[in-house]
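Asker: Sharing a model that was predicted from the sequence below.
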Amino acid sequence: MQRQDTQDAPLFGEEDENNQRKRSKMRHPLVSFFHLFFRTSAILVYLFCDILSGRFVVCMVTIILLLSCDFWTVKTHSKNTKSSAESRVFWLGLLVCPIFWILFVFSTVFSFNIKWLVVVILGLVLQWANLYGYVRCKVGGKSNLRNMAKNYLGVQILKRATKQPESF
């Protein structure tokens with residue numbers, strides 16, 4: 001039997017593959033780009049601030065503006081996220097960038113560069129607030145994250161307590 005005869009009906013598994021491809025394509029690539037652009041730009045401005053501008057205030061304001069634009073973009077992005085690829089970009093950006101700001105806090109403290117400590121703490125707070133807000137939205141607005149963690153730990157302890165001891 002030739003494929004021409006069966007063009008009306010998809011072969012086994014073809015429909016699933018086509019739907020998977022449609023969902024994984026980015027429907028809003030510009031929003032995804034700016035989501036990562038503002039976050040990485042703030043990190044790059046911090047790293048290369050001495051090269052770009054020797055003025056502390058200019059760099060601090062630029063970083064705050066970039067992170068504020070990121071906050072707005074993430075809000076827009078989360079409303080428009082429909083595909084799995086966009087979701088991965090969204091959560092990757094939300095999770096990875098705060099790690100950089102944590103590293104910057106430690107490097108600033110250990111290098112005794114106190115004037116930059118304000119900037120990195122502000123960057124960390126803004127990124128962490130964004131992450132916390134969206135994790136909370138993902139989990140559910142009514143449930144408390146602390147209660148969820150306690151429940152999870154309680155279930156894990158109960159599982160271990162009821163587990164049959166292994167015989168030697």
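Answerer: Sure, I can see it.
Asker: ok, which stretches of this protein are helices?
Answerer: Along the chain, counting by DSSP state H, helices occupy 14-24, 29-47, 49-52, 56-80, 84-110, 114-139, 145-162.
Asker: worst average pLDDT in the ones you listed?
Answerer: Least confident of these, judged by mean pLDDT, is helix 14-24 with a mean of 47.
Asker: Setting the sequence-adjacent residues aside, check what's closest to the residue nearest the centre of the chain.
Answerer: The centre of the chain sits closest to L94, judged by C-alpha atoms, centre = their mean, with a distance of 1.9 Å. In space, and not counting its chain neighbours, L94 is closest to L131: 5.0 Å by C-beta to C-beta, 6 or more residues apart in numbering. Quick note: C-beta positions are derived from backbone N, CA and C, even for glycine.
Asker: Please tell me how far the closest residue in space to L66 that isn't next to it in sequence sits from F106.
Answerer: The shortest distance from L66 to any non-neighbouring residue, by C-beta to C-beta, 6+ apart, is to A42 (4.0 Å). Per C-beta to C-beta, to the nearest Å, A42 is found 18 Å from F106.
Asker: Looking only at neighbour counts, state which of the two leads.
Answerer: A42 (26 against 10; other C-beta atoms under 10 Å).
Asker: just checking, that one touches F71?
Answerer: No: between A42 and F71 there is no contact, the gap being 10.9 Å when judged by C-beta atoms under 8 Å.
Asker: Could I have the CA atoms of stretch 43-56 written out in PDB?
Answerer: This file holds the C-alpha atoms of stretch 43-56, laid out as PDB (Å, rounded to 0.1, in the frame of the first residue of the first chain):
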ATOM      1  CA  ILE A  43      24.600  40.800  34.800                       C
ATOM      2  CA  LEU A  44      26.900  42.000  32.000                       C
ATOM      3  CA  VAL A  45      26.600  45.700  33.000                       C
ATOM      4  CA  TYR A  46      27.600  44.700  36.500                       C
ATOM      5  CA  LEU A  47      30.500  42.700  35.300                       C
ATOM      6  CA  PHE A  48      31.800  45.300  32.900                       C
ATOM      7  CA  CYS A  49      30.700  48.400  34.700                       C
ATOM      8  CA  ASP A  50      34.300  49.700  35.100                       C
ATOM      9  CA  ILE A  51      34.900  49.400  31.400                       C
ATOM     10  CA  LEU A  52      31.500  50.900  30.300                       C
ATOM     11  CA  SER A  53      31.400  53.700  32.700                       C
ATOM     12  CA  GLY A  54      33.500  54.600  35.700                       C
ATOM     13  CA  ARG A  55      30.500  56.200  37.400                       C
ATOM     14  CA  PHE A  56      29.000  54.100  40.100                       C
END
